[in-house]
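S.K.: Sequence plus predicted model, see below.
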Amino acid sequence: MIRELAENPNVHQPLSAGRELVLDPAGRYAVYLAAGTTAHDATVQRVRCASDDVTGVLAEVRALLRERGRPGAEWELGASSEPADLVERLLELGLRRDEEEPVAVGMVLRGIPAWKAPPDLVTRRVTSLADLVEARRVQSIAFGDDRPVDLEQAQRDLAREGLDGTTFVALLEAQVVAAAYAAYTPW
């Protein structure tokens, strides 16, 4: 189950308002639609199809995205994706690698780091809409996204804080300098 969670996190997190998960009835793919409308707000995961069905799966995903007014999606393909040459097949069909970050890598911290956190660093859960907006702003900067934070979505998400997951902030001199989100799953 750990591998499944690592490769396909969006498939297992609770869906809050403004988000949608579309599961192919045949089990060939999942499409996670975040609240935004850019290609970075749609993610295709858990692709499992036959070699002769890659073109069909791509056509279905493109149609689904068009129906929902999305210009495209990120495809997150892990070691469990099928067929084994899926990346190459999708590239041949016109998909492109992300120029800035063609490969996403997860990291795990093992043990205690050699560095010490600054003594005045404060970490805590988000407690207000202002906290959540600032956390989203910092996360956007970290991911190279310059769009303003969607206040209406942040208000909807704040209502679910602690239920579907929890947002954390790290502050130095009362300024948010880092943010993280932990999504809760049955596992």
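M.R.: Noted; the coordinates are in hand.

S.K.: Can you tell me the element F168 falls in?
M.R.: strand 165-172 (DSSP states H and E).

S.K.: beta partners of W75?
M.R.: Using DSSP bridges, the bridge partners assigned to W75 are V44.

S.K.: That one against L90, yeah?
M.R.: Yes: using CB atoms under 8 Å as the test, W75 is close enough to L90 to be in contact (6.6 Å). Quick note: C-beta positions are derived from backbone N, CA and C, even for glycine.

S.K.: Could you tell me the phi and psi values at A30?
M.R.: When read as degrees, to the nearest 10, the backbone of A30 gives phi -130, psi 140.

S.K.: Which other helices and strands does the strand holding F168 contact?
M.R.: When contacts are defined as 3 or more CB pairs under 8 Å, 6 or more residues apart in numbering; DSSP states H and E, strand 165-172 sits against strand 122-125, helix 129-142, strand 175-183.

S.K.: That strand relative to strand 175-183, how many degrees between them?
M.R.: Here strand 165-172 points in a direction 160 degrees away from that of strand 175-183 (axes from the mean of the first three to the mean of the last three CA atoms, to 10 degrees).
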